[in-house]
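Peer 1: pasting a predicted model and its sequence here:
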Amino acid sequence: MDVKAEVKSLTALNLEQLQQNNCIDVEPKKLNKMVELYNKAVDSIQSKGDDIAAIELKKALSIYPDFLEAKLLLSLCYIAGKQMDEAKKLLFDVTQQDKLMQRAYRYLKHVQDADKTRREIKKPRLFVDKANFPTKINKDIIKVVCGSLVGGVVAYIFLVSSMTDIKEKHEADTAVWQEQTYEYNVTIGNYKDQLSNVTGELQKREQRIQEKQEQIAYLKNVQKIVQIEKKLLEGNRIEAADMLLALKSVVFEDIEQYIFNHLYNTTMEPLAEELYHEGYRLYRQGNDEQTVEILRQSIRYSPEGYFVPLSLYFIGRGHERQGDIKNARHYFERLIEDFPGHSYVQHAQSRLNIIGQ
């Protein structure tokens, strides 16, 4: 086929002719657009090139996928561009959609089946009577036989061609499927990259939130130092001491740490000493329950202070006088173990000997 001559022979498509030749169920506005795109493609393939024409024809087919004229012209564009596989696929689609060709094939198959049935009914005799054998063969019979043979050959050729086209279409579909699979994998890879980026950004934001929360917690602790100073000025030393103990594990920065250390050192030890004297006074008054409570508080505020051994002894004595021998023994033994060189160790050992170890 002369492709250039075929391209030159192309003519614009008439809207009325298209409606007469094809039963197209498309609204008029879209139908006009199809014809317009087709005619532009005719002009493009003749002047600008087959690539531009192919784009316009694909647009027309997106409006109406069964636009046979557009498929034929697009196949010609592929042929002109040496894209034979694409052209073959389109032409196969056209042959499958063409109603007349399908009907012709059905008629031809019917004729072939009828000839086969007739040959089976009229089997030739093995021996022919020469006397009765006609000297001239009927020309109509020859025509029928020849027609049957030609029909069979044509049907065979068409069947082989159809099988070849089906195979090629299957291969083309497989190639399209592989290409789509590759594109899907690429898309999935892009989505994974986007997800990784979003996850990374989310982690950064969570880290910034955590840092802000830590800053807020730190500022709240600094605010508590200010509250402690205020309570000390108001004379609420017990509340201030409890708040100092709660903040002891917090690590402050620079000036805040200096202020906290100063408040802790100037508050806890003097308060522990005052509580010891108060507890000892209560012990001498015989108020053993309050003695135990006050002296335990003194030890809590200054666990390594000067009055801790004395507080341990009088706490033990307070439990002993209340009849709580178990706790009395515990505090006497603690005094002996933690402060073995203290003068009250002898008193604690003496009490243990009396109450029994």
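Peer 2: That came in fine, so what should we check first? Numbers count the residues shown, from 1 in each chain.
Peer 1: in terms of residue numbering, what are the domains of this structure?
Peer 2: Structural domains annotated on the chain: 3-97, 101-122+136-195, 266-355, as defined by automatic domain parsing.
Peer 1: nearest to Ile255 among those would be which one?
Peer 2: Ile255 sits nearest to domain 266-355 of all those, at 16.5 Å, using C-beta to C-beta. Just so you know, the C-beta spots here come from the backbone N, C-alpha and C atoms, and that holds for glycine as well.
Peer 1: residues near Glu6, how many?
Peer 2: Taking other C-beta atoms under 10 Å as the criterion, the count of residues near Glu6 is 12.
Peer 1: what sits against it?
Peer 2: Neighbouring residues of Glu6 by C-beta atoms under 8 Å, 6 or more residues apart in numbering: Leu76.
Peer 1: does it sit in a helix, a strand or a coil?
Peer 2: Taken by DSSP: H, G, I helix; E, B strand; the rest coil, the conformation at Glu6 corresponds to helix.
Peer 1: do Ser249 as well
Peer 2: Ser249, by the three-state scheme (three-state DSSP), is coil.
Peer 1: list the contacts of it.
Peer 2: Ser249 makes contact with no residue, according to C-beta under 8 Å, 6+ apart.
Peer 1: check Ser302 too.
Peer 2: Ser302 neighbours (C-beta under 8 Å, 6+ apart): Met268, Glu269, Leu271, Ala272, Glu273, Val308.
Peer 1: widest-spaced pair of these?
Peer 2: Among the contacts of Ser302, Leu271 and Val308 lie farthest apart (C-beta to C-beta), at 13.7 Å.
Peer 1: quick one on the thing from earlier: just the contacts of Ser302 now: which is nearest Glu86?
Peer 2: The nearest one, if we look at those relative to Glu86 and count by C-beta to C-beta, is Met268, at 90.3 Å.
Peer 1: next up, phi/psi of the closest one, please.
Peer 2: Here the main-chain torsion angles of Met268 (degrees, to the nearest 10) amount to phi -70, psi -50.
Peer 1: I'd say it and Ala240 touch.
Peer 2: No: with contact defined as C-beta atoms under 8 Å, Met268 does not count as touching Ala240 (9.6 Å).
Peer 1: how close does Met243 get to Thr267?
Peer 2: Per C-beta to C-beta, to the nearest Å, Met243 is found 10 Å from Thr267.
Peer 1: now do the same contact list for Ala70.
Peer 2: By C-beta under 8 Å, 6+ apart, the contact set of Ala70 is Met34, Leu37, Tyr38, Ala41, Leu57, Ala60, Leu61.
Peer 1: SS state for the nearest residue to the third one once chain neighbours are set aside?
Peer 2: Going back to what we said before, that points to Tyr38. Ranked by C-beta to C-beta, 6 or more residues apart in numbering and with sequence neighbours excluded, the top spatial neighbour of Tyr38 is Leu13, at 5.0 Å. Here Leu13 is recorded as coil under three-state DSSP.
Peer 1: that older thread, now render the contacts of Ala70 as JSON lines, adding neighbour count and pLDDT.
Peer 2: Converted to JSON lines, those look like this (neighbours: other C-beta atoms under 10 Å; pLDDT from 0 to 100):
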{"residue": "Met34", "neighbour count": "24", "pLDDT": "88"}
{"residue": "Leu37", "neighbour count": "23", "pLDDT": "92"}
{"residue": "Tyr38", "neighbour count": "23", "pLDDT": "92"}
{"residue": "Ala41", "neighbour count": "28", "pLDDT": "92"}
{"residue": "Leu57", "neighbour count": "30", "pLDDT": "91"}
{"residue": "Ala60", "neighbour count": "25", "pLDDT": "88"}
{"residue": "Leu61", "neighbour count": "18", "pLDDT": "92"}
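Peer 1: CSV for those residues, including secondary structure and distance to Ser196?
Peer 2: Below are the contacts of Ala70 laid out as CSV (DSSP: H, G, I helix; E, B strand; the rest coil; distance: C-beta to C-beta, whole Å):
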residue, secondary structure, distance to Ser196
Met34, helix, 45
Leu37, helix, 43
Tyr38, helix, 47
Ala41, helix, 45
Leu57, helix, 41
Ala60, helix, 42
Leu61, helix, 39
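Peer 1: residue ranges with poor pLDDT in the stretch 151-300 of the chain?
Peer 2: Within the stretch 151-300 of the chain, the ranges that satisfy pLDDT under 70 run 151-162.
Peer 1: lovely, talk soon.
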